[in-house]
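> Build the 3D model from these lines:
(one chain, ligands or ions: 2)
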Amino acid sequence: MTQSSHAFVILAAGKGSRMLSDRPKVLHQVGSLPLLGHALRSTEPLNPAHLIVVAGHGAEAVEAATARLAPAARTVRQTEQLGTAHAVDQARDLLADFDGDVTVLYGDTPFIRTETLERMNAARQDGADVVILGFDTPDPGRYGRLMITDGDRLHRIVEFKDASPEERAVTLCNSGVVMAPAALLFDLIAQVGNANASEEYYLTDIVGLANDRGLTCRAVTCDPAETLGINTRAELAGAEAVFQAARRAELMAAGVTLTAPETVFLSADTRIDPDCVIEPNVVFGPGVTLAPNVTIRSFSHLEGATVASGAVVGPYARLRPGARLSEDTRVGNFVEVKNADLARGVKVNHLSYIGDAEIGPASNIGAGTITCNYDGFLKHKTSIGAEVFIGSNTMLVAPVSIGDGANTGSGSVITRDVPEGALAIARARQDNKPGLATRLRDMLRQKKAALAAAKPE
Ligand code: UD1
Ligand code: MG
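Ligands and ions are numbered 1, 2, ... in the order given. Reported below is the predicted structural model:
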């Protein structure tokens, strides 16, 4: 499928009642990406000429998500859910002038592989007029059944509700994915009626109709795991587990060490280069990129962060969106970094909050440092130069900047800019009162003894 002669219609109008959710089913997430996003992504390598999402339940949310996930995609609305054929028919006008193939996908079926779509395309090139993706399973449940005759010709698809006991005994099931030339597909759909157990317009009826015209329909089969559809929260969790296992395996195969893979959670867009080491219990939210040789230590949570080679993050670190760590940086335990650039060799090793900041090369940020970036209304920036030493427990009240090679004294509240090379101390001067501690303790000891004596037995 190198030529861009393919259009995709992704059905996403269904309610997904069994999710018991206000959110449209296709917007529930696996690997921090909506199910619809997975379906859209599977089409990318095929360079689609048209990408159309059929929205219905929660259409506004689905339309907004589509615009965000795949700006080239268009949406159409199916205001009443009258069946899968009726859903595909909503794309008819948008594809009126298109003479390539149309592939129908489901928005709630996230794992169809590009290779599988390519095999379907090969069957089309091989002369099949309509190609259906099927799968064989010992537990065919309520799936539509594929009726094969004459070797490999697909003769008919029977929906479970309409199937006889003999037909229900067939274990070759319909995944829902259909590939056919646009004109033929819409022509066949126009002929589909709704005289069936569900009174719905079944897309699956196009197979019988095509056979009536003497056309050839074929089934291509795939692993049932690919066709996994999501209808319930339990199935969503199952899909998440399948997704995580696959991504972990992919990363390890590509040269990433996962010490305890089953405890590392990845997003669909997580990018980790070879020779990174990910210790147990690490979560990657969306938008994380790690260059080679990064170590993420246990119990860290990363999201929207970019980390360069040689950096060590954690244990117990939190990188939030816009955290950009250069080569050989250190972000240690109980440190949160948000929207901040840490230049090469910067160390923030303990108990700090660094937000809306930039820190120059080789600067050291002492334990307990906080960039006070928010005044309750607006966010402000902290700029720290190169080779700066920020003393422990410094409050940097932004907007503020610290010049190259400057120091701040521990416990300082820095509200004014610090010039290059200066030492800023902003705390009350220490006052020692000789002997006062001893006198104070004597007094308190006597007071406690007097109270104990006055207490009735
Ligand atoms: C469908 C197939 C069945 C197949 C099964 C695989 C038909 C008639 N049946 O059955 O052969 O084994 O999928 O999962 O096609 N949708 C719309 N608008 C509608 C109806 C459905 O957008 O009017 C969408 C749904 O949101 C869903 C998909 O199409 O994503 C499939 O619909 P669903 O109702 O789940 O079909 P099944 O009965 O499961
Ligand atoms: Mg279904």
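
> Going along the chain, name the helices of the protein.
Listed in chain order, the helices of the chain (DSSP state H) span 35-43, 59-69, 84-89, 114-125, 165-168, 182-191, 205-212, 233-253, 436-454.

> what's the average pLDDT for the fifth one?
For helix 165-168, mean pLDDT is 96.

> Run the chain-centre distance for it.
40 Å (CA atoms, centre = their mean, to the nearest Å).

> cool, the last one as well?
Taking CA atoms, centre = their mean, one finds helix 436-454 lying 62 Å from the centre of the chain it belongs to.

> elements contacting that helix?
Under the contact criterion of 3 or more CB pairs under 8 Å, 6 or more residues apart in numbering; DSSP states H and E, the helices and strands touching helix 436-454 comprise an empty set. (Glycine included, C-beta is placed from N, CA and C.)

> Report the contact partners of the closest residue to P110 other than its chain neighbours.
Counting by CB to CB, 6 or more residues apart in numbering, P110 lies nearest to H38, which is 3.3 Å off, once chain neighbours are set aside. Taking CB atoms under 8 Å, 6 or more residues apart in numbering as the criterion, H38 is in contact with 30-31, 110-111, 268.

> Recalculate using a threshold of 10 Å.
26, 29-31, 69, 105, 107-112, 239, 243, 268 (CB atoms under 10 Å, 6 or more residues apart in numbering).

> and which of the residues you listed is nearest to ligand 1?
Of all the contacts of H38, ligand 1 sits closest to D108, with 4.5 Å by CB to the nearest ligand atom.

> quick one: that closest one and I148, what's the gap?
Between D108 and I148 the computed distance is 26 Å (CB to CB, to the nearest Å).

> So which of these two has more stuff around it?
Counting neighbours by other CB atoms under 10 Å for D108 and for I148 shows that D108 has the greater number, 27 against 17.

> Contacts only, for that one.
Under the criterion of CB under 10 Å, 6+ apart, the contact partners of D108 comprise 10-12, 14, 16, 19, 24-26, 28, 35-36, 38-39, 176, 228-231, 235-236, 239.

> Would you write a ChimeraX line that selects the buried entries of those residues?
Applying 16 or more other CB atoms under 10 Å to those leaves a buried subset, and the ChimeraX line that selects it is:
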select :10,11,12,14,16,19,24,25,26,28,35,36,38,39,176,228,229,230,236,239
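
> can you tell me which of the contacts of D108 are up against ligand 1?
11-12, 14, 176, 229 (CB under 6 Å from any ligand atom).

> give the contact list for the closest residue to A7 other than its chain neighbours.
Nearest residue to A7 in three dimensions, chain neighbours excluded: H50, at 3.8 Å (CB to CB, 6+ apart). Contact analysis of H50 by CB under 10 Å, 6+ apart lists 4, 6-9, 72-74, 91, 94-95, 98, 100, 102, 182.

> Mind checking which of those land in strands?
The members of the contacts of H50 that map onto strands under DSSP state E are 6-9, 74, 102.

> for the residues you listed, which one is nearest L290?
For the ones in strands among the contacts of H50, the residue nearest L290 by CB to CB is F8; the value is 31.8 Å.

> What is the burial count for the closest one?
Residue neighbour count, defined by other CB under 10 Å, stands at 24 for F8.

> Over to A72?
By the other CB under 10 Å criterion, the neighbourhood of A72 contains 11 residues.

> What separation is there between it and N47?
Distance of A72 to N47, computed by CB to CB: 10 Å.

> again, but for T221
Computed as CB to CB, the T221 to N47 distance reads 25 Å.

> Settle it for me: which of these two has more neighbours?
Neighbours per residue (other CB under 10 Å) separate T221 from N47, with T221 holding more: 17 against 12.

> residue contacts, the more buried one?
Neighbouring residues of T221 by CB under 10 Å, 6+ apart: 116, 119, 132-136, 146, 172-173, 175, 227.

> quick one: it and ligand 1, what's the gap?
Relative to ligand 1, T221 is positioned 13 Å away (criterion: CB to the nearest ligand atom, to the nearest Å).

> cool, K15 as well?
With the distance defined as CB to the nearest ligand atom, K15 ends up 8 Å from ligand 1.

> and if you look at S363?
Noted for S363: a distance of 53 Å to ligand 1, by CB to the nearest ligand atom.

> now do P261
Here the distance between P261 and ligand 1 works out to 30 Å (CB to the nearest ligand atom).

> Now for the contacts of T221: which two are most distant?
Across the contacts of T221, the two members that end up farthest from each other (CB to CB) are R119 and C173, 17.0 Å apart.

> Give me the buried subset of the contacts of T221.
116, 119, 132-135, 146, 172-173, 175, 227.

> As TSV, those residues with pLDDT and distance to ligand 1 would be great.
Conversion of the buried ones among the contacts of T221 to TSV gives the following (pLDDT from 0 to 100; distance: CB to the nearest ligand atom, whole Å):
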residue	pLDDT	distance to ligand 1
T116	96	15
R119	95	18
I132	98	9
L133	98	10
G134	97	9
F135	97	9
L146	98	9
L172	97	11
C173	97	5
S175	97	6
T227	94	7
